[in-house]
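J.: got a predicted structure here, sequence first:
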Amino acid sequence: MSIQVRYPSYVDCVADALSNAAAPLSVEELLERIGDQRPLGSGARSAAYRAINKLFQAVQVEPGVFGWISSLLQGNIVRHQLSVEETRRGYILLDELEHILFYPDFFQRFRPDNRRIQIELMGGPTLQGEAAIERKTWSLRLGPALSRWIEELGGQSGDDLLITVMDAFAGRYAMRLQPHEIRDEANIRRRNIELAELAEELISEDRRTRPAVPAWEVAAKLIGRGIYAETPAVDDMHYVLHEYSGLRLVEGMGYQLDVDGSSVPRNRRYDANMFSELTDLGESQPMNQPFNEGRSGPGNDAEDDAEDYEDMLEDHFAAHFSQNETLSDAECETYSQYMQIFHEHGPAGESPLEHEDFHLLEAELEMLVRLEQEFGRLLPVQEQRKLALADQLFIDPDSLADLDWDTSDGEDYEDPPFWQN
């Protein structure tokens with residue numbers, strides 16, 4: 001039996017290339033770097049796109065150009081409005097965007113990150129933070145020193161924390177306090193509208209492949225387009241999408257474009273006559289307050305939100321780990337990924353495979369990979385067929401070679417905590 005050389009998978013190569021690049025890479029540049037680590041076959045381009053779709057931190061910054069979230073976060077500023085509980089107890093409740101900000105790798109596997117976060121408080125000490133659970137919600141725990149700093153500056157609930165990313169790889173951040181009274185309301189509103197329009201555009205591009213986009217993916221896409229690299233910082237993502245966009249948050253699924261027009265942006269229109277409305281809204285319904293603390297919009301009831309988010313996570317894990325379950329076109333993650341890549345990069349003039357046809361060919365490719373593993377080689381005609389299938393299905397054969405064929409499904413995963421907003 002011949003000895004088969006094992007090269008790093010396309011996923012590993014793409015992750016290494018993007019995470020170490022000084023700037024986002026085009027697909028051509030990415031393939032050059034992959035070629036330094038492994039041979040490139042005829043299906044290299046499609047295998048690279050397939051790998052990108054498997055990596056949460058690999059995001060598109062413009063057509064055909066991709067970056068790594070930890071790199072793209074450099075210098076980004078996120079606005080977080082303080083609640084009474086946060087100021088008193090010294091923690092920051094995290095929505096999906098802020099979770100990505102502090103723990104960029106979390107949404108790759110939905111596993112907690114135990115690293116310590118370093119926070120430099122403007123005019124105050126440098127604190128060490130860690131991930132924690134407060135009120136059944138992910139949070140960044142900083143302790144009494146945060147409360148003392150806010151109190152010394154005369155801060156209170158309703159004021160904004162402006163969080164700047166100094167080095168997401170090393171976990172270094174800076175915070176400064178901005179009193180609510182000095183908010184630049186007109187320019188923040190303008191920026192909120194820009195975010196809402198960009199989110200609508202990004203989610204509209206996804207409509208062909210899936211019915212809704214999870215909130216964490218919406219946040220990642222927005223980071224990729226640089227919306228948080230500009231000032232003034234926008235308001236809370238969920239608030240902005242609810243108040244300014246034509247998107248709606250679908251229970252257990254994510255955001256989708258409201259095609260029937262039932263979700264009308266309340267604050268999209270920008271003129272001087274609406275300034276008083278925004279001021280009144282800011283007094284009665286704090287902009288960055290979690291939905292379950294009285295703000296109008298989805299998720300007023302905390303218990304309902306908890307159940308909805310648990311259902312969403314169950315659906316997410318089912319798509320990843322229940323391979324024997326029969327799924328519809330929209331629910332099947334593998335087929336959805338194939339459709340997304342086909343529409344973006346597939347051969348012009350050709351139609352995509354039907355759902356069942358796709359899985360029949362996928363099974364054939366898996367069989368050839370298993371034969372290669374067992375015998376250490378394939379006949380030339382089998383090797384050609386394997387590469388042709390990989391190219392047609394946009395599947396990296398190495399990703400199938402890494403599968404443990406003999407283990408059963410259903411690894412015992414604990415449900416991760418949920419966000420209430």
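T.: Yes, it's here.

J.: now the stretch 101-250 of the chain, which segments are flagged as low pLDDT?
T.: The stretch 101-250 of the chain contains residues with pLDDT under 70 at 208.

J.: could you rerun that using 90?
T.: Applying pLDDT under 90 to the stretch 101-250 of the chain flags residues 109-115, 134-137, 204-212, 250.

J.: ok now stretch 135-146, how far from the chain's centre?
T.: Stretch 135-146 sits 22 Å away from the centroid of its parent chain (Cα atoms, centre = their mean, to the nearest Å).

J.: can you list the residue ranges for strands in the stretch 251-400 of the chain?
T.: 254-257 (DSSP state E, counting those that start in this stretch).

J.: that one: helices as residue ranges?
T.: In the stretch 251-400 of the chain, the helices defined using DSSP state H, counting those that start in this stretch lie at 275-284, 302-321, 333-345, 355-375, 380-393, 397-401.

J.: which one of these has the lowest average pLDDT?
T.: Here the helices of the stretch 251-400 of the chain differ in mean pLDDT, and the lowest is helix 275-284 at a mean of 35.

J.: who touches S9 in this structure?
T.: Contacts for S9 (Cβ atoms under 8 Å, 6 or more residues apart in numbering) come out as A51, D396, D398, S399, D402. To be clear about C-beta, it is placed using only N, CA and C from the backbone, and glycine gets the same treatment.

J.: repeat for I150
T.: By Cβ under 8 Å, 6+ apart, the contact list for I150 reads L82, T87, Q156, D159, L177.

J.: quick one: which of the residues you listed is most hemmed in?
T.: In terms of neighbour count, L82 stands highest of these at 24 neighbours, by other Cβ atoms under 10 Å.

J.: look up how far V65 lies from Y10.
T.: Here the criterion is Cβ to Cβ, to the nearest Å. By it, Y10 lies 18 Å from V65.

J.: which one's more surrounded, these two?
T.: Shown here are Y10 and V65; by other Cβ under 10 Å, Y10 has more neighbours (28 against 16).

J.: does the residue nearest the centre of the chain belong to a helix, a strand or coil?
T.: For the chain, the residue nearest the mean C-alpha position is E217 (3.1 Å; Cα atoms, centre = their mean). Here E217 is helix, with the state taken from DSSP: H, G, I helix; E, B strand; the rest coil.

J.: so what's the residue nearest to it when sequence neighbours are not counted bridging to?
T.: Spatial nearest neighbour of E217, excluding adjacent residues (Cβ to Cβ, 6 or more residues apart in numbering): G254 at 7.2 Å. Listed beta-bridge partners, G254: V250 (assigned using DSSP bridges).
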